[in-house]
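Colleague: Pasting the sequence and the predicted model now:
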Amino acid sequence: MVFEQMWRDLAPVGRSAATGGYHRQPWTAVDAELRAWFREEAERRGLAVEQDPLGNLVAWWRPAGTEGARPVLTGSHLDSVADGGAYDGPLGVVSALAAVDLLRERGTVPTRPVGVAVFVEEEGSRFGLACLGSRLATGQATWADVRHRRDAAGTALEDALAAADLGDDPAATGPDGLRWGWLADVEAFVELHVEQGRGLVDLGAPVGVAAGIWPHGRWRLDVTGRADHAGTTRMEDRADPVLTFAMTALAASKQARLAGQRATVGRVEVHPGAANAVPSRVSAWLDARADTEEALAQLVAGIERQARDRAARDGTALEVTAESVSPRIAFDADLAQRLAAGHERGGWPVLWTQAGHDAGVLAAAGVPSAMLFVRNPTGVSHSPEEHAEVPDCLAGVEALADALARLAA
Ligand code: GLV
Ligand code: MN
Ligand code: MN
Ligand code: MN
């Protein structure tokens with residue numbers, strides 16, 4: 001089966017032999033392999049591939065007579081978080097190509113162009129801004145905003161992009177040059193994604209439809225103290241930023257738990273990183289999510305308040321910078337209903353998600369957007385444990401093909 005073949009071809013790309021997890025960062029050699037895989041699959045199907053200067057890709061199926069009609073878009077992303085799972089992103093791209101195959105097998109000829117998109121740096125795992133590709137494509141960020149961002153190795157985005165040698169220089173395309181103007185004319189964007197929690201397992205359904213996305217964001221916390229000797233400095237004479245950080249991480253977890261929200265500190269850097277020195281500085285990244293924008297603002301303000309109180313006690317200085325904030329997204333209700341009702345056995349369940357997606361960014365830009373989720377039996381994501389069974393994936397492909405057939409009819 002073609003779906004399984006594509007899946008097998010992608011499986012080794014960027015996989016760690018030690019953990020089985022994936023390292024698929026944008027503008028790397030692994031990224032080049034992923035791009036080459038996508039181009040080959042698109043060309044095999046006779047789809048015309050378009051790439052923007054940032055590396056966003058779209059493969060077009062344009063049957064005769066569809067010229068001038070508003071396109072229908074599907075797809076997802078191929079990048080991963082560090083040591084991520086196989087499904088988050090790639091399942092949506094593989095399923096989109098498989099859905100095109102299925103429509104052709106059924107003899108369905110769309111009356112609109114159908115595009116399969118691959119958005120770059122969805123996870124923000126390299127340059128810290130989630131959905132970087134779709135934000136630029138929709139004009140919700142500009143090249144000037146992002147070009148100087150640096151990765152963990154200190155490489156600037158503009159240099160990483162130049163080294164990847166994708167072709168066009170984004171700076172030369174003008175302030176608006178990274179915008180995919182045609183997105184404004186898209187009839188609908190449907191992103192299929194592995195579910196990243198236990199919603200569908202609990203509901204006993206292989207496929208679901210997303211109602212919307214919780215507001216969420218990332219905040220960088222820089223705590224500055226004073227480097228000193230671990231042995232000769234009395235405990236009461238220290239300004240230790242790790243203490244401020246540790247208490248902030250505990251406070252974040254407790255506040256989120258009490259409020260039914262989410263807070264995570266998934267990345268931390270301790271400077272200079274010597275076992276026998278009181279550290280000089282800690283940089284930590286807070287990821288916070290809540291069901292309303294008000295609740296999110298309250299949660300982050302509450303965490304910041306406790307962090308500042310603690311910093312005052314520790315004699316450290318705290319700086320908080322919002323790195324990216326995504327609003328609450330309610331997907332197009334009419335579109336979601338049509339997707340949910342499309343299943344002849346009485347409809348797919350509709351559920352909210354706490355994870356960010358390119359579909360959320362496109363929705364925020366006014367593109368009618370919706371998402372299909374495929375059951376994840378482990379309920380685990382952003383981890384090598386992430387999984388989906390083949391029959392559920394095939395149910396997802398069918399649901400996507402049905403959706404595309406109706407939207408492009
Ligand atoms: C993206 O996957 C996110 O929600 O972190
Ligand atoms: Mn993800
Ligand atoms: Mn994803
Ligand atoms: Mn995501």
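Modeller: Perfect, I can see it now. Numbering: from 1, shown residues only. Ligands and ions are numbered 1, 2, ... in the order given.
Colleague: mind checking how far whichever residue of the stretch 151-300 of the chain sits closest to ligand 3 is from ligand 1?
Modeller: In the stretch 151-300 of the chain, the residue that lies nearest ligand 3 is His193 (5.6 Å; CB to the ion). In this view, the C-beta of every residue, glycine as well, is placed from N, C-alpha and C. Between His193 and ligand 1 the computed distance is 9 Å (CB to the nearest ligand atom, to the nearest Å).
Colleague: Return the residues in contact with that residue.
Modeller: Ser76, Asp88, Gly89, Leu91, Gly92, Ala355, His357, Met371, Leu372, Phe373, Val374 (CB atoms under 8 Å, 6 or more residues apart in numbering).
Colleague: was I right about the last one contacting Asp392?
Modeller: Think Val374. Yes: taking contacts as CB atoms under 8 Å, Val374 lies within contact range of Asp392: 5.3 Å.
Colleague: So these two - more neighbours on which side?
Modeller: Using other CB atoms under 10 Å, the more surrounded residue of Val374 and Asp392 is Val374, with 27 against 20.
Colleague: who does that one bridge with?
Modeller: In this entry, Val374 is beta-bridged to Val194, Val207, by DSSP bridges.
Colleague: so does the longest helix anywhere in the chain get close to ligand 1?
Modeller: The longest helix of the chain (DSSP state H) is helix 293-314. No: using CB under 6 Å from any ligand atom, helix 293-314 stays clear of ligand 1, with a minimum separation of 13.6 Å.
Colleague: which ones are touching the closest residue to Ala259 other than its chain neighbours?
Modeller: Sequence neighbours aside, Leu299 is the residue nearest to Ala259 in space, at 6.1 Å (criterion: CB to CB, 6 or more residues apart in numbering). By CB under 8 Å, 6+ apart, the residues touching Leu299 are Gln255, Ala256, Ala259, Gln261, Ala263, Ala288, Ala290.
Colleague: Whichever residue of the stretch 151-300 of the chain sits closest to ligand 1: neighbour count?
Modeller: Using CB to the nearest ligand atom, His216 is the residue of the stretch 151-300 of the chain that sits closest to ligand 1, at 6.6 Å. His216: 22 surrounding residues under other CB under 10 Å.
Colleague: And it, how close does it get to Gly177?
Modeller: Distance, His216 to Gly177, by CB to CB, to the nearest Å: 29 Å.
Colleague: now swap in Thr353 and tell me
Modeller: Thr353 sits 32 Å away from Gly177, taking CB to CB as the criterion.
Colleague: Show me the contacts of His193 that map onto strands.
Modeller: Members of the contacts of His193 lying in strands (criterion: DSSP state E): Ser76, Met371, Leu372, Phe373, Val374.
Colleague: pLDDT and distance to ligand 1 for those residues - can I get that in a markdown table?
Modeller: As requested, the ones in strands among the contacts of His193 are exported to a markdown table (pLDDT from 0 to 100; distance: CB to the nearest ligand atom, whole Å):
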| residue | pLDDT | distance to ligand 1 |
| --- | --- | --- |
| Ser76 | 98 | 11 |
| Met371 | 98 | 12 |
| Leu372 | 97 | 16 |
| Phe373 | 98 | 13 |
| Val374 | 98 | 15 |
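Colleague: that older thread, for the nearest residue to the residue of the stretch 151-300 of the chain closest to ligand 3 once chain neighbours are set aside, which residues are in contact?
Modeller: Counting by CB to CB, 6+ apart, Gly92 is the residue found nearest to His193 once chain neighbours are left out, at 5.3 Å. Contacts for Gly92 (CB under 8 Å, 6+ apart) come out as Thr74, Gly75, Ser76, His77, Glu191, Leu192, His193.
Colleague: For the fourth one, which non-adjacent residue is spatially closest?
Modeller: What that stands for is His77. What sits nearest to His77 in space, not counting adjacent residues and going by CB to CB, 6+ apart, is Glu122, at 3.6 Å.
Colleague: who touches the one you found in this structure?
Modeller: By CB under 8 Å, 6+ apart, the residues touching Glu122 are Ser76, His77, Asp79, Gly89, Ala130, Cys131, Leu132, Gly133, Ser134, His357, Asp358.
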